[in-house]
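Asker: Provided below for reference: sequence and predicted model.
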Amino acid sequence: MSTFAGKVVVITGAGSGIGRALALDLAGRGAKLALSDMDDIGLAETVEKVRALGAEVKSDHLNVTEREAVLDYAEAVAQHFGKVNQVYNNAGIAYHGDVEVTPFKDIERIVDVDFWGVVNGTKAFLPHVIASGDGHIVNVSSLFGILAMPSQAAYNAAKFAVRGFSEALRLEMMIAKHPVKVTVIHPGGIKTAIARNSTVAEGHDQKTVAEFFDRKLAKTTPEKAAEVILKGVEKGKGRVLIGSDAIALDLLTRVTGSKYQNVIARVATRVMPKPS
């Protein structure tokens, strides 16, 4: 019997990528699913696939930056299923642009979705997850929540914040002896549409940036990512690295400290897309 069987699982950003892969994997393991996304078409496709696997599903359009909507959503999910066991705060967006030319509004937008979306989802569902008696909060950070990259300052800021928030929450759950585990996820390059759907600063070509990510960086399938995430959740791990790139670069930062930045700067100068 799967350890996920009968568990009520919430997944944001379930319309594609890792979110969809998690939904499909968990459906096959007997979980009950509350799925949400801003992409109604993608979400409907995910719902159709998980229902074909026999899963019970609640599907909702949700903007994770709208705090009151997320709070209401948490209450609705808990009322619908009677409990909430696991929450996967997965929704996220990407941006490419140097700090010097990035407008404040673009930094705020990335932080609103990628950090505050995680905070909103965590805070809204945490009382229900604690009450379940067998809870788990899973927050998706990034490899870029472990090391910095040029043109990724906004994304780095949000994903580093997710890491710190999640690790502090894990400690709090331990100290309070609540029946809740917390896991932060650090994917490397995953073969999803996040780069193709990203925005860029003025002077950068979005298509060129997306093609660079897809060709050079995206190495791991969403299905493999979901498999690794769920294995980490089963083991109660505090941190899960996804992909050989994440494992290697995490090791680089541990061994070299801040000197990893010298390596990244040299490589980025040679291979990263240049602004026009």
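Answerer: Alright, I've got the coordinates.
Asker: please make it C-alpha for all contacts and neighbour counts, starting now.
Answerer: Will do.
Asker: state the distance from Phe125 to Asn156.
Answerer: Per Cα to Cα, to the nearest Å, Phe125 is found 25 Å from Asn156.
Asker: so which helix or strand takes in the nearest residue to Val64 once chain neighbours are set aside?
Answerer: Spatial nearest neighbour of Val64, excluding adjacent residues (Cα to Cα, 6 or more residues apart in numbering): Gly117 at 4.7 Å. According to DSSP states H and E, Gly117 maps onto helix 117-132.
Asker: mind listing what's buried in that helix?
Answerer: 117-122, 124-126, 128-132 (16 or more other Cα atoms under 10 Å).
Asker: what pLDDT, on average, does whatever helix or strand comes next after it get?
Answerer: Counting by DSSP H and E, the next helix or strand C-terminal to helix 117-132 is strand 135-140. Strand 135-140 comes out with an average pLDDT of 98.
Asker: and the helix or strand just after strand 135-140, how far out from the chain's middle?
Answerer: Using DSSP H and E, the helix or strand that follows strand 135-140 towards the C-terminus is helix 153-176. Remark: helix 153-176 is offset 12 Å from the chain centroid, using Cα atoms, centre = their mean, to the nearest Å.
Asker: same check on stretch 177-196?
Answerer: 4 Å.
Asker: point out where the stretch 151-276 of the chain drops to low pLDDT.
Answerer: 193-198, 200-201, 204-218, 273, 276 (pLDDT under 70).
Asker: can you give me the helices for this protein?
Answerer: 17-28, 40-52, 67-81, 104-111, 117-132, 153-176, 206-212, 222-235, 244-256, 260-271 (DSSP state H).
Asker: among the ones you listed, show me which one is buried the most.
Answerer: Highest mean neighbour count among those (mean count of other Cα atoms under 10 Å): helix 17-28, with a mean of 24.
Asker: what does it contact?
Answerer: By Cα atoms under 8 Å, 6 or more residues apart in numbering, the residues outside helix 17-28 that reach it are 4, 11-14, 33, 35, 46, 49-50, 53-55, 90-91, 191-193, 222-223, 225-227.
Asker: rewinding a little: please name the residues that touch the residue nearest to Val64.
Answerer: So Gly117 contacts 64-65, 89, 91 (Cα under 8 Å, 6+ apart).
Asker: among the residues you listed, which one lies nearest to Val240?
Answerer: Asn89 (14.3 Å; Cα to Cα).
Asker: and the longest strand belonging to the chain, which strands flank it?
Answerer: Scanning the chain for the longest strand, with DSSP state E as the assignment, gives strand 180-187. With DSSP bridges as the test, strand 180-187 is paired with strand 135-140 (parallel), strand 239-242 (parallel).
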